[in-house]
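A.B. asks: What follows is a predicted protein model with its sequence.
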Amino acid sequence: MSAVGPLDSALTLPAQTSVEPGRYARLRELVRAGGVVALTGAGMSTASGIPDYRGPDGTRRVQPMQHGEFVGSADVRRRYWARAYVGWTRFAAARPNAAHRAVADLERLGLVRHVITQNVDGLHQQAGSRRVLELHGTLSSVVCLDCGEVTTRAQVQDWLAEANPGFLAVVDATSPVRPDGDVALPEAQVERFRTPRCLVCGQDRLKPDVVFFGGSVDKEVVARAYTFVEQARTLLVLGSSLQVMSGYRFVRRAAREGIPVAVVTRGGTRGDAETTVGVDALVGDVLPALVADLGG
């Protein structure tokens, strides 16, 4: 049962984006019923300074790191780690925004049961969400592809600093952070960069503990996510265009099970045909209004 009482008939409509009152009212009623599982994408974190791969029209703006290239090429790994070393301080400095805090509030109110996130930034947890399933892993951990040793990203950052003294002083500190947590660098700078090695096995195949494009999500993680969705009263998609099957499959499963699918994001999604109610707006505009309406 929901932890909030009956609602006033008035709507707390988002102030910054034009939202059709009927769609917002339907969204509000679905969330009010509780049992919500939130599926979140990159649009949740753009207001925190972490860019999305795609624009509102679904067009890819940034070429992401490919799993096969990273695993198979020492040069690609060096390029990634050089760029990620520079970008990490700014990426790690990102803080939760109003949308993250609103999701945590909805969990606190007993309305959101689980959060399944495609993001790797840890901002849901920082905002106070407790039931978070990281579908694509987290950039805060690093795993050795050869022996499986897991290391904190902070420790790897220290290793890189020791192996590459003065490197940060010669790069452009104004380069924007990309969705993978890295920045663009000239090849001449990349070529002189020394990549990290595993302290256990000595190999240089360290990888951030995330699922790069073309990689596979752990089967146990997928199974848990399916269980959450199948037990949900509503699947609430936030800040995702659902262009990648990794997230879209949960919308398909919800629709197959007769579970309403509510979507809040800018532009259309791959799951429009399965969507019960869609709100074309920024999550940071809509979610705080929901919290205010539902007992914030």
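C.D. replies: Nice, thanks for sending it over.

A.B. asks: Just checking: what are the partner strands of the helix or strand hosting residue 264?
C.D. replies: Under DSSP states H and E, the secondary-structure element containing residue 264 is strand 261-265. On the basis of DSSP bridges, the sheet neighbours of strand 261-265 come out as strand 234-238 (parallel), strand 277-280 (parallel).

A.B. asks: Mean neighbour count added to these, as CSV?
C.D. replies: All C-beta atoms are positioned from the backbone trio N, CA, C, and that covers glycine. Below are these laid out as CSV (neighbours: other C-beta atoms under 10 Å):
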stretch, mean neighbour count
strand 234-238, 27
strand 277-280, 20
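
A.B. asks: now those strands in JSON lines, with mean pLDDT?
C.D. replies: Compiled in JSON lines, these are given as follows (pLDDT from 0 to 100):
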{"stretch": "strand 234-238", "mean pLDDT": "98"}
{"stretch": "strand 277-280", "mean pLDDT": "96"}
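
A.B. asks: Out of these, which gets nearest to residue 260?
C.D. replies: Residue 260 lies closest to strand 234-238 among the strands paired with strand 261-265, at 4.9 Å (C-beta to C-beta).

A.B. asks: Could you look up the next helix or strand downstream of the closest one?
C.D. replies: In the C-terminal direction, the helix or strand that comes right after strand 234-238 (DSSP H and E) is helix 245-256.

A.B. asks: Residues touching that following helix, excluding its own?
C.D. replies: With C-beta atoms under 8 Å, 6 or more residues apart in numbering as the test, helix 245-256 has contacts from 39, 41, 116, 118, 135-136, 211, 217, 225-226, 229-230, 232, 235, 237, 240, 242, 260-261, 270-271, 274-275.

A.B. asks: okay, now residue 261: neighbour count?
C.D. replies: A count of neighbours around residue 261, defined by other C-beta atoms under 10 Å, yields 26.

A.B. asks: residues touching it, list them.
C.D. replies: Counting by C-beta under 8 Å, 6+ apart, residue 261 makes contact with 234-235, 237, 251, 254-255, 271, 274-276.

A.B. asks: any idea how far it lies from residue 248?
C.D. replies: In this structure, residue 261 and residue 248 are 11 Å apart, going by C-beta to C-beta, to the nearest Å.

A.B. asks: swap in residue 269?
C.D. replies: Taking C-beta to C-beta as the criterion, residue 269 is separated from residue 248 by 8 Å.

A.B. asks: Comparing those two, which shows the higher neighbour count?
C.D. replies: A count of neighbours by other C-beta under 10 Å puts residue 269 above the other of residue 269 and residue 248, at 24 against 19.

A.B. asks: Check which helix or strand the more buried one maps to.
C.D. replies: Secondary structure assignment for residue 269, by DSSP H and E: no helix or strand.

A.B. asks: Look up the closest residue to it, ignoring the ones flanking it.
C.D. replies: Excluding its sequence neighbours, the residue lying closest to residue 269 (C-beta to C-beta, 6 or more residues apart in numbering) is residue 242, at 4.4 Å.

A.B. asks: isn't the one you found right up against residue 270?
C.D. replies: Yes: with contact defined as C-beta atoms under 8 Å, residue 242 counts as touching residue 270 (4.2 Å).

A.B. asks: quick one, which of these two is more surrounded?
C.D. replies: Shown here are residue 242 and residue 270; by other C-beta under 10 Å, residue 242 has more neighbours (27 against 17).

A.B. asks: Next, give phi and psi for that one.
C.D. replies: phi 60, psi 30 (degrees, to the nearest 10).

A.B. asks: Please apply the same query to residue 209.
C.D. replies: Backbone geometry at residue 209, expressed as degrees, to the nearest 10, gives phi -80, psi 60.

A.B. asks: The residue lying closest to it once chain neighbours are set aside is in what secondary structure piece?
C.D. replies: Spatial nearest neighbour of residue 209, chain neighbours left out: residue 141 (3.9 Å); criterion: C-beta to C-beta, 6+ apart. If you go by DSSP H and E, residue 141 is part of strand 137-144.

A.B. asks: so what strands line up beside that strand?
C.D. replies: Partners of strand 137-144 in its sheet, by DSSP bridges: strand 150-152 (antiparallel), strand 206-210 (antiparallel).

A.B. asks: Dump those strands into TSV; add mean pLDDT, distance to residue 91 and mean neighbour count as well.
C.D. replies: Conversion of these to TSV gives the following (pLDDT from 0 to 100; distance: least, C-beta to C-beta, whole Å; neighbours: other C-beta atoms under 10 Å):
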stretch	mean pLDDT	distance to residue 91	mean neighbour count
strand 150-152	96	15	13
strand 206-210	96	11	21
